[in-house]
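Enquirer: how would this look folded up:
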Amino acid sequence: METLREQSVAFTGHRHYDGGCDALLSLAVRRLYHRGFRLFWSGMAAGFDLAAAEKVVSLRGALPGLRLCCAVPFSGQARHYAAEDRARYDKLLAEADEVAVLAEQYDPKCYLRRDEFMVDRSACLVAWYDGSKGGTRYTWEYACRRGVERVNLWRDPQGTLF
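Expert: Alright, predicted model coming up:
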């Protein structure tokens with residue numbers, strides 16, 4: 001399991017992601033791949049999570065062995081997504097190399113459990129984190145407590161941290 005952890009990256013970011021760092025996200029995946037990372041975990045939330053998962057899928061042809069892993073907090077996660085995001089979600093789940101559904105139904109702590117699940121399986125966290133309160137902050141701070149390398153694309157627009 002430790003070997004897989006050393007090859008794994010988790011993504012976290014805000015739902016209001018506007019695509020502003022897509023080029024940097026691509027660069028981050030490529031640089032981490034060249035450092036030996038192969039498994040990339042997405043929590044599949046609308047916004048940054050879906051964009052990061054799409055980036056991994058789009059780079060598979062250029063980066064052999066690149067794998068998308070999806071951590072779904074509960075069955076029916078995308079039920080209330082906008083139609084476009086629901087279609088993206090469904091497509092990504094179908095293209096994923098691994099899908100872990102962590103609970104059959106929603107409960108108030110399911111997103112935090114999902115975030116911990118991804119961080120506990122990863123050696124690096126790539127975030128789009130503006131410092132505000134919420135799940136992204138929780139995941140960032142949890143990764144810090146767990147000693148996981150962290151890269152914040154929000155604070156590093158030139159990609160110098162990795």
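
Enquirer: Below-threshold pLDDT in the protein: ranges please.
Expert: The model of the chain has pLDDT under 70 over residues 1-3, 156-162.

Enquirer: where along it do the helices fall?
Expert: Along the chain, the segments classed as helices by DSSP state H run 2-6, 22-34, 48-59, 83-95, 110-120, 135-145.

Enquirer: what's the span of stretch 40-60, first residue to last?
Expert: 11 Å (Cα to Cα, to the nearest Å).

Enquirer: Report the buried residues of it.
Expert: Within stretch 40-60, the residues that count as buried by 16 or more other Cβ atoms under 10 Å are 40-57, 59. Where you see a C-beta, it was placed from the backbone N, CA and C, and this is true even at glycine.

Enquirer: next one: stretch 14-29
Expert: By neighbour count on 16+ other Cβ under 10 Å, the buried set for stretch 14-29 is 14, 17, 21, 22, 24, 25, 26, 27, 28, 29.

Enquirer: got those residues as CSV, with distance to residue 141 columns?
Expert: CSV is the format used below for the buried residues of stretch 14-29 (distance: Cβ to Cβ, whole Å):
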residue, distance to residue 141
14, 15
17, 20
21, 21
22, 26
24, 22
25, 22
26, 26
27, 25
28, 20
29, 23
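
Enquirer: For the residues you listed, work out which two are farthest apart.
Expert: 14 and 27 (19.5 Å; Cβ to Cβ).

Enquirer: thinking again about what came up before, of all the helices of the chain, which one is nearest residue 65?
Expert: Of all these, helix 22-34 sits nearest to residue 65, with 8.4 Å by Cβ to Cβ.
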